[in-house]
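Chemist: Fold the stuff below for me.
(one chain, ligands or ions: 1)
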Amino acid sequence: MRIVLVGPPGAGKGTQATRLAKELGIPHISTGDLFRANISQQTELGKLAKSYMDAGNLVPDEVTIAMAKDRMEQPDAEGGFLLDGFPRNVKQAEALDELLDSEDIKLDAVLDLEVPEEEVVKRIAGRRICRNDSSHVFHVSYSPAKKQGVCDVCGGELYQRDDDSEDTVRKRLEVYHSQTEPIIDYYKAQGLVQTIPAMGAVDEVTRRSLDALKREDGK
Ligand code: AP5
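Modeler: Below is the predicted model of the structure:
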């Protein structure tokens, strides 16, 4: 399957994407994780991305689209992928459509994770991620690591993302409403959107997402 996950910052996209990708046997492609890997390796792309990310803005489309395209063209993504954080505006959605059209393939579904704003603020404030791998995600109250400050998966140090400060989160939410939400209508026009209530236990949200994908598959 080829799936896009949409939702505000802190909605649980990364958390759900890891589980859904495992369940469906497809790679989880997160542009945020790709940028963070570039930042920790101190690449030129990482240096460029960091200045935009720390301010809560989107990284420019040209570099983002090129990076996402390159990742989607890796052999492991031939049979499908789960996109998390891409596309993030209509221009990126159009670029993705062009890429898929050129290969004569289509998206199967767009899952829109719905969470009230006060909850995303709580989720982001308590989030801690691993220095070794930013897809290892914890929450100080909702899903605490067994040993405080230490990743359960690989033993790496847990830290708070630079862009999770209160001011930057406010800016990221503003950018989400103005630039990313319009892609929901873009995909509704293609009949692809499944709205997933994303409050409640992580397992429950995964079950709702898998049920929605089954409905989409049966169409
Ligand atoms: P990105 O890394 O994509 O961040 P985001 O979209 O803001 O989303 P988050 O990672 O903050 O949240 P999430 O929805 O994945 O939530 P999570 O699962 O961690 O992007 C960061 C930046 O990179 C952007 O601002 C931009 O600058 C740049 N960028 C990335 N892609 C780009 C693009 N395409 N174009 C341009 N720029 C781009 O969960 C949050 C917390 O809640 C965790 O602690 C988790 O444990 C907890 N949690 C999850 N689910 C539940 C639940 N059901 N109940 C209780 N707690 C839960």
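Chemist: which element is the residue nearest to Lys69 when sequence neighbours are not counted on?
Modeler: The shortest distance from Lys69 to any non-neighbouring residue, by CB to CB, 6 or more residues apart in numbering, is to Leu99 (5.9 Å). All C-beta spots, glycine's among them, are computed from the backbone N, C-alpha and C. Under the criterion of DSSP states H and E, Leu99 resides in helix 90-102.
Chemist: repeat for Val4
Modeler: When elements are assigned from DSSP H and E, Val4 belongs to strand 2-6.
Chemist: how much space between the closest residue to the ligand within the chain and Gly10?
Modeler: Across the chain, no residue is closer to the ligand than Gly32, which sits at 2.0 Å (CB to the nearest ligand atom). For Gly32, the distance to Gly10 (CB to CB, to the nearest Å) stands at 12 Å.
Chemist: who has more neighbours, the two?
Modeler: Gly10 (26 against 21; other CB atoms under 10 Å).
Chemist: Distance check, that one against Val205.
Modeler: 13 Å.
Chemist: Also Ile124?
Modeler: For Ile124, the distance to Val205 - CB to CB - is 17 Å.
Chemist: do the same with Gly85
Modeler: Counting by CB to CB, the gap from Gly85 to Val205 is 17 Å.
Chemist: Kindly report the same for Asp112.
Modeler: In terms of CB to CB, Asp112 sits 12 Å off from Val205.
Chemist: what does Leu99 give?
Modeler: 29 Å.
Chemist: interface residues of this protein facing the ligand?
Modeler: Where the chain comes near the ligand, counting by CB under 6 Å from any ligand atom, the residues are 7, 9-15, 31-32, 35, 52-53, 56-59, 64, 85-86, 88, 92, 123-124, 126-127, 137-139, 142-143, 163, 172, 202, 205.
Chemist: Give me the buried subset of those residues.
Modeler: 7, 9-15, 31-32, 35, 52-53, 56-59, 64, 85-86, 88, 92, 123-124, 126-127, 137-139, 163, 172, 205 (16 or more other CB atoms under 10 Å).
Chemist: Let me know how buried Leu96 is, in neighbour terms.
Modeler: The burial count for Leu96: 21, using other CB under 10 Å.
Chemist: Check the one 5 residues further on too.
Modeler: As a burial measure, the neighbour count of Asp101 was computed by other CB under 10 Å and equals 10.
Chemist: how near is it to Glu216?
Modeler: Distance from Asp101 to Glu216, by CB to CB: 20 Å.
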